[in-house]
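K.L.:
Let me see the structure of the following:
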Amino acid sequence: MRKLRWTLVGAALAIVIKLAALLLGLDLFERMVTALAALERFEVDELIIPAVIFLAFAFLDLIKKQEQQKVAREKLAIYSAMLASTHHILNNFLNQMQLFKMTARNTPGFDAEVLSLYDVVIEGASDQIEALSEVTEIDEASIRASVEPSAAPPSAAGQA
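P.N.:
Next up, the predicted model:
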């Protein structure tokens, strides 16, 4: 129903005008023809059709632009919700991984280099999530570019 709102408004207005013309005995078409004939001497009638065509297409452009803006807003809302959910998941994961880190630290003979690599990997993941949240152009190329493997720390990339 909402998609046809302006069609329904136009239909209601047309019915009201037709009823008013019938009840008041007006011949609106004849009056419009008379008005156009009166404008003939000013040559305004030759501008009406091009103006109507121009305005119709300008209106179509306006409608299309509004639809594109609506899609862009929806895309941004979805992206923001996805990003907030990703942050939530990552933060839960990082909190749970602290248990593993504490266990590894307290384990005698555990390789300290592995612990430092753990910190590098976690920092790299955090940096990538932060880069992802700073994307301004919401499209596939921008999103992929924000988390390219080249942005990952070299020691973490070599271990993957």
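
K.L.:
Look at Glu67 and report its pLDDT.
P.N.:
As predicted, Glu67 sits at a pLDDT of 94.

K.L.:
meant to ask about Ile15
P.N.:
pLDDT, read off for Ile15, is 94.

K.L.:
just the helices in this protein please.
P.N.:
Using DSSP state H, the helices of the chain run over 5-24, 28-39, 45-106, 112-133, 140-146, 154-159.

K.L.:
Turn these into CSV, columns for mean neighbour count.
P.N.:
The C-beta positions use only the backbone N, C-alpha and C, and glycine is treated the same way. Compiled in CSV, the helices of the chain are given as follows (neighbours: other C-beta atoms under 10 Å):
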stretch, mean neighbour count
helix 5-24, 10
helix 28-39, 11
helix 45-106, 11
helix 112-133, 14
helix 140-146, 12
helix 154-159, 12
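
K.L.:
Least reliable of those by average pLDDT, please.
P.N.:
Ranked by mean pLDDT, the helices of the chain end with helix 154-159 in last place, scoring a mean of 43.

K.L.:
for Glu43, phi and psi?
P.N.:
phi 60, psi 20 (degrees, to the nearest 10).

K.L.:
and it, how far is that from Arg31?
P.N.:
Using C-beta to C-beta, to the nearest Å, Glu43 is found at 21 Å from Arg31.

K.L.:
Asn92 now?
P.N.:
Applying C-beta to C-beta, the value for Asn92 to Arg31 is 73 Å.
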